[in-house]
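Novice: Generate a structure from the sequence data that follows.
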Amino acid sequence: MPRWAAFAGFVGVVLGGLLLLARASADALDSSTAEFPATLSDRVVDAPVAAERPPRRGDTPSTSALLVNVVVSQGAFASLLVVGAWLAAIPAAAFGLSAAAFAPRSLAAGVALGVGLHVVNAVGQRLSDRLGLGDSTTLRRAMTPESAAGWAVLLLVVLPLVAGFEELLFRGVLVGVLAAGFDVSPWLLAALSSIAFALGHGAQGRAGVVVTGLLGFVLAVAFLLTGSLATVVIAHYLVNALEFVVNERYRSD
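Specialist: Numbering: from 1, shown residues only. Below you'll find the predicted structure:
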């Protein structure tokens, strides 16, 4: 029999730890930006042309360390959630992991949603720049690799792990599981989980928090409409991957 209350309490502890870590990461990133501004600002829109750049010889220690930190931290939190769900006997369907969740229609919906959200996200960033709401791209620039191996790790390991864990927590657990286990409106949970999702991205600045919160709500709505965690994981991954590839990879060439 599922132990909903015990798992909800456990998730509260995990979420609290994640938000504290996100806050610490934001503070550390702000400190690094102030101390080494050139490291994080050498890939802006009006940067020098490629001929004026020094040749790329590999990823910087700070970028590699940041990618490793993301893998370790996100992997640890994801493992805690999986173990906690197993011990509490939470059914997979509550997370949006039924067989129908992996149907071709659900997967295609994830692709379409991810591409659409990437376009909206890009427009939001441009508006943020024009309105002076802050730089939401600092973290992305810090995580951008310079080597082919670094890009492979980013696209095939880091971003899939981030999308999988964040969707598992913010949509699968905070919306799906809590709605299944308690008499709470899933739409209210969608709104609250989106606020938590935004707060967990404080390292992206004020504009990044606002945009991330809106994107999180759209993903929550998609999760409720499709009942598929796979749909939102694919969409989340594509939003992140396209942001790196379109913005940073293009500019670094």
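
Novice: In this protein, where is pLDDT below threshold?
Specialist: Along the chain, the parts satisfying pLDDT under 70 run over 25-61, 124-125, 128-139, 202-207, 248-253.

Novice: try 90 this time
Specialist: 17-70, 73, 119-150, 183, 199-213, 243-253 (pLDDT under 90).

Novice: Contacts for stretch 235-242 next, please.
Specialist: Contacts of stretch 235-242 with the rest of the structure, by Cβ atoms under 8 Å, 6 or more residues apart in numbering, involve 110-111, 113-115, 117-118, 121, 155, 159-160, 162-163, 166-167, 215, 219, 222. All C-beta atoms are positioned from the backbone trio N, CA, C, and that covers glycine.

Novice: Please disregard the earlier target; I meant stretch 2-19.
Specialist: Applying Cβ under 8 Å, 6+ apart, the contact partners of stretch 2-19 are 77, 80-81, 84-85, 88-91, 94, 169, 173-174, 177-178, 180-182, 196, 199-200.

Novice: And those residues, which of them are buried?
Specialist: Taking 16 or more other Cβ atoms under 10 Å as the criterion, what is buried in the contacts of stretch 2-19 is 77, 80-81, 84-85, 88, 90, 94, 169, 173-174, 177-178, 180-181, 196, 199-200.

Novice: give the contact list for residue 186.
Specialist: Residue 186 touches 175, 176, 179, 224, counting by Cβ under 8 Å, 6+ apart.

Novice: any idea how far it lies from residue 143?
Specialist: Counting by Cβ to Cβ, to the nearest Å, the separation of residue 186 from residue 143 is 33 Å.

Novice: again, but for residue 193
Specialist: In terms of Cβ to Cβ, residue 193 sits 24 Å off from residue 143.

Novice: go on, residue 113?
Specialist: According to Cβ to Cβ, residue 113 and residue 143 sit 23 Å apart.

Novice: And residue 7, by the same measure?
Specialist: Separation of residue 7 from residue 143 (Cβ to Cβ): 32 Å.

Novice: More neighbours: those two, which one.
Specialist: Remark: of residue 7 and residue 143, residue 7 carries more neighbours, 23 against 20, as counted by other Cβ atoms under 10 Å.

Novice: Please, which helix or strand holds the more buried one?
Specialist: Using DSSP states H and E, residue 7 falls within helix 4-35.

Novice: one step back: among the buried ones among the contacts of stretch 2-19, which lie within helices?
Specialist: Among the buried ones among the contacts of stretch 2-19, DSSP state H puts 77, 80, 81, 84, 85, 178, 180, 181, 196, 199 in helices.

Novice: Now distance to residue 62 too, for those residues, in a markdown table please.
Specialist: A markdown table is the format used below for these (distance: Cβ to Cβ, whole Å):
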| residue | distance to residue 62 |
| --- | --- |
| 77 | 22 |
| 80 | 27 |
| 81 | 29 |
| 84 | 33 |
| 85 | 35 |
| 178 | 37 |
| 180 | 42 |
| 181 | 42 |
| 196 | 28 |
| 199 | 25 |
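
Novice: Out of the residues you listed, flag the one nearest to residue 1.
Specialist: For those, the minimum distance to residue 1 (Cβ to Cβ) is 11.3 Å, reached by residue 181.

Novice: Cheers, nothing more for now.
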